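Colleague: Predicted model, plus sequence, below.
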Amino acid sequence: MIIKYLLLITLVLGAQPEMSSKTSDEIFTIYLIRHAEKDLLSKNSSDPELTKCGQKRAESIRLFFDSISLDKVYSTNYIRTKNTAQPTAASKNLDITLYDSERLEDLAKRLIENHEDVLVVGHSNTTSVLAGLLVGEELRNIDLDVYDQIYQVVISRKSGKLQLFHSAFECSE
């Protein structure tokens, strides 16, 4: 009888550390945004700059992330995404890490494996898709005239929870 109680106590105590030994790197957050407003009248139609509103939105995004800890900032290799990411990266003393928007599954895997708090700046046809890959859901593309969405994916024990925020930023040129 005493051996049963000792075995039960050992099992209970043995299980306790596993339940409470959560390390801080088991929970991390991935933020995903679409680039800010691009100049549709640009002579460089394949890689346009941001509009004045886009530049102001990029600064507004920096303010949103002011009190949020980030380990990395990712961007595709386009002027509009890099210019959207730059104010936040600069305020955090981080370089922008480029990624290939054609290899979103690889990026999703790397983001999960790295266990880092990051910002990923993408496009209307990649941002929600990447968020979906991170949480195992299929999400539709962002409408072309929508720039105010911030996807927050909190990863805990390789399982992701998605929240969608809308920034309060408004601009009229």
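Modeller: Noted; the coordinates are in hand.
Colleague: What ranges does the protein have for its strands?
Modeller: Under the criterion DSSP state E, the chain contains strands at 27-34, 72-75, 96-98, 118-122, 149-156, 159-166.
Colleague: so which of the ones you listed is the most packed in?
Modeller: Mean neighbours per residue, mean count of other CB atoms under 10 Å, is largest over the strands of the chain for strand 118-122, with a mean of 26. Heads up, the C-betas are built off the backbone N, CA and C, glycines and all.
Colleague: List the pairing partners of it within its sheet, with orientation.
Modeller: Paired with strand 118-122 in the same sheet, following DSSP bridges, are strand 27-34 (parallel), strand 72-75 (parallel).
Colleague: For this protein, which residues score under the pLDDT cut-off?
Modeller: Counting by pLDDT under 70, the chain has low-confidence residues at 1-25, 158, 173.
Colleague: could you list every residue that touches the residue most central in space within it?
Modeller: The C-alpha lying nearest the average C-alpha coordinate of the chain belongs to Y31 (CA atoms, centre = their mean; 2.1 Å). The neighbourhood of Y31, defined by CB atoms under 8 Å, 6 or more residues apart in numbering, consists of 65, 68, 70, 118-120, 150-153.
Colleague: Let me have these in a markdown table, adding distance to K38 as columns.
Modeller: Listed next are these as a markdown table, based on distance: CB to CB, whole Å:
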| residue | distance to K38 |
| --- | --- |
| F65 | 21 |
| I68 | 25 |
| L70 | 24 |
| V118 | 23 |
| L119 | 18 |
| V120 | 18 |
| I150 | 18 |
| Y151 | 19 |
| Q152 | 24 |
| V153 | 25 |
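Colleague: For the residue nearest to L32 when sequence neighbours are not counted, list each beta-bridge partner.
Modeller: Computed as CB to CB, 6 or more residues apart in numbering, the closest residue to L32 that is not its neighbour in sequence is Y151, at 4.1 Å. Partner residues in beta bridges with Y151: L32, L164, with DSSP bridges as the criterion.
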